[in-house]
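K.L.:
with the sequence up front, the predicted model follows.
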Amino acid sequence: MGDEEKRNRAITARRQHLKSVMLQIAATELEKEVGRRESEKQNYLSERCPPLHIPGSMSEIQELCKQLHAKIDAAEEEKYDMEIKVQKSSKELEDMNQKLFDLRGKFKRPPLRRVRMSADAMLKALLGSKHKVCMDLRANLKQVKKEDTEKERDLRDVGDWRKNIEEKSGMEGRKKMFESES
């Protein structure tokens, strides 16, 4: 076992040496990467932001301000264009995802929350200051006077049905019925 132990120790020593060499190489590469990024940053800043010299006269300062405003406007336009592109692409992504869900046949339910709100508050939230309608439905109903119709009067006047039958029984009752119709 002596030879085997020596071999194992040699293998582990070799592994340790290789690990240390790899870590040294990685550290130097990392330092190079940091230096390269710093130089790229400096090049970019020197290209985009030239050193500023402040002139002495008022007209030169005004001209410098105009130039800076023009640069700011150009940068804002680029920013706006980029934002619009991002919004457009995100909208396209949402549409594509919706089409994908439609094709699969799986519909994603949005998480709904219970909202306790009266109808007036809901209309006010939806319509804003235009909301003048009150949802008190009983208040909006018209008051209707009940008119007595002839049928209702007849039903009231009839009273007890037994008396009515007795009056209409026989020939006199039929005669009265025909006279009242004409």
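P.N.:
On my side now, so go ahead.

K.L.:
give me the below-cutoff pLDDT ranges for the protein.
P.N.:
Across the chain, the ranges flagged by pLDDT under 70 are 1, 106-108, 129-142, 144-182.

K.L.:
what about the helices in it?
P.N.:
2-48, 58-104, 119-127, 137-140, 150-158, 161-168, 170-181 (DSSP state H).

K.L.:
for residue 35, see how far away residue 26 is.
P.N.:
Distance from residue 26 to residue 35, counting by C-beta to C-beta, to the nearest Å: 15 Å. (C-beta placed from N, C-alpha, C; glycine too.)

K.L.:
okay, the helices of the chain in TSV with distance to residue 111 and mean neighbour count next?
P.N.:
Output for the helices of the chain, formatted as TSV (distance: least, C-beta to C-beta, whole Å; neighbours: other C-beta atoms under 10 Å):
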stretch	distance to residue 111	mean neighbour count
helix 2-48	42	10
helix 58-104	16	10
helix 119-127	20	13
helix 137-140	32	7
helix 150-158	57	9
helix 161-168	65	11
helix 170-181	72	9
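
K.L.:
got CSV for the ones you listed, with distance to residue 113 too?
P.N.:
Formatted as CSV, those follow (distance: least, C-beta to C-beta, whole Å):
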stretch, distance to residue 113
helix 2-48, 46
helix 58-104, 21
helix 119-127, 14
helix 137-140, 27
helix 150-158, 53
helix 161-168, 62
helix 170-181, 68
